[in-house]
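1. sequence and predicted structure, then a few things I'm wondering about:
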Amino acid sequence: MKILIVDDDELVCQSLQLLLDKEEDLEVTNLATNGQEAIECCLKEQPDVILMDIQMPLMGGIESTRKIKEQWPSVQIMMLTTFQDEKNIRLALKAGAEGYLIKSASIESMADQIKALKAGSTILDADVLKTIMEPDKKALEGLTARESDIAELVAQGLSNKEIAQQLFLSVGTVRNMLSVILDKLEIRDRTQLAIYYWQREQE
């Protein structure tokens, strides 16, 4: 299995290459220091799996992942990074990455997960999975008490008219406050708001 390692830390690249090359059926065929170099490597010889860092000069890992998956959808990409925040995880998966590991993972575990990735599995570090399944409530805490009430009623499936009746507000006021809530949370519509609300209430 041909592997491309993409990381702007030369020591990380060399260490991973040394360790992974000892694993049966794994061969590191190229190293790149940024996302642009990763694309150039794919043009020369498509790897089976790419281990991709996120924050790099010239072009980061998420943008590179998106461009590589557009051109070579069969290439499997595993994000290998120190970043464990929800935003980067979701952006990486949206860009097309099939896996997301934290750099502290053991090399034995990493080798097994690379093989599983190539076999078609989606690989998420346990802490990464927890971050996605148990997102931070801080965004909802940024709403006023009345805005939180409206968000909860939207999540329960009530219409603007029903919310207005329950909270003794006009329909226009509910509509305006809902727009403010969507702007604050950077969410597109009431369906996404309901999903967002219940995700954060499941902790």
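-> Nice, thanks for sending it over. Numbers count the residues shown, from 1 in each chain.

2. need the pLDDT of the residue of the chain most remote from its centre.
-> What lies farthest from the middle of the chain is residue 168; by C-alpha atoms, centre = their mean that is 40.3 Å. With respect to pLDDT, residue 168 has a value of 91.

3. what do you get for residue 172?
-> 93.

4. tell me how many other residues surround it.
-> 10 (other C-beta atoms under 10 Å). Where you see a C-beta, it was placed from the backbone N, CA and C, and this is true even at glycine.

5. which SSE is it in?
-> helix 171-185 (DSSP states H and E).

6. residue 51 contacts residue 1, doesn't it?
-> No. Using C-beta atoms under 8 Å, residue 51 is not in contact with residue 1; the gap is 11.9 Å.

7. follow-up on the earlier one: how far off centre is whichever helix or strand comes after the helix holding residue 172?
-> Later in the chain than helix 171-185, the nearest helix or strand by DSSP H and E is helix 190-201. Helix 190-201 sits 18 Å away from the centroid of its parent chain (C-alpha atoms, centre = their mean, to the nearest Å).

8. now helix 190-201: average pLDDT?
-> For helix 190-201, the per-residue pLDDT averages 78.

9. list the buried residues for that helix?
-> Neighbour-count burial for helix 190-201 flags 190, 193-194, 196-197, 200 (criterion: 16 or more other C-beta atoms under 10 Å).

10. look up how far residue 32 lies from the nearest residue to residue 170 once chain neighbours are set aside.
-> Leaving aside its sequence neighbours, residue 170 sits nearest to residue 164 (C-beta to C-beta, 6 or more residues apart in numbering; 6.1 Å). Residue 164 sits 56 Å away from residue 32, going by C-beta to C-beta, to the nearest Å.

11. again, but for residue 51
-> Relative to residue 32, residue 51 is positioned 10 Å away (C-beta to C-beta).

12. need the residues touching each of the two.
-> Any residue near both residue 51 and residue 32 by C-beta atoms under 8 Å, 6 or more residues apart in numbering counts here, and that gives 4-6.

13. which of those residues fall in strands?
-> Judged by DSSP state E, these include 4-6 as members of strands.

14. by mean pLDDT, flag the weakest helix or strand of this structure.
-> Using mean pLDDT, DSSP states H and E, the weakest-scoring helix or strand in the chain turns out to be helix 138-141, at a mean of 60.

15. what ranges do the strands span in this structure?
-> Along the chain, the stretches classed as strands by DSSP E are 2-6, 27-32, 49-52, 76-81, 99-102, 123-124.

16. neighbour count winner among residue 164 and residue 32?
-> The residue with more neighbours, out of residue 164 and residue 32, is residue 32; 23 against 19, by other C-beta under 10 Å.

17. nearest residue to residue 31 in space, please, no chain neighbours.
-> Leaving out its chain neighbours, the residue that sits closest to residue 31 by C-beta to C-beta, 6+ apart is residue 13, at 4.6 Å.

18. what are the structural domain limits within this protein?
-> Taking automatic domain parsing as the criterion, the chain consists of the domains 2-133, 138-201.
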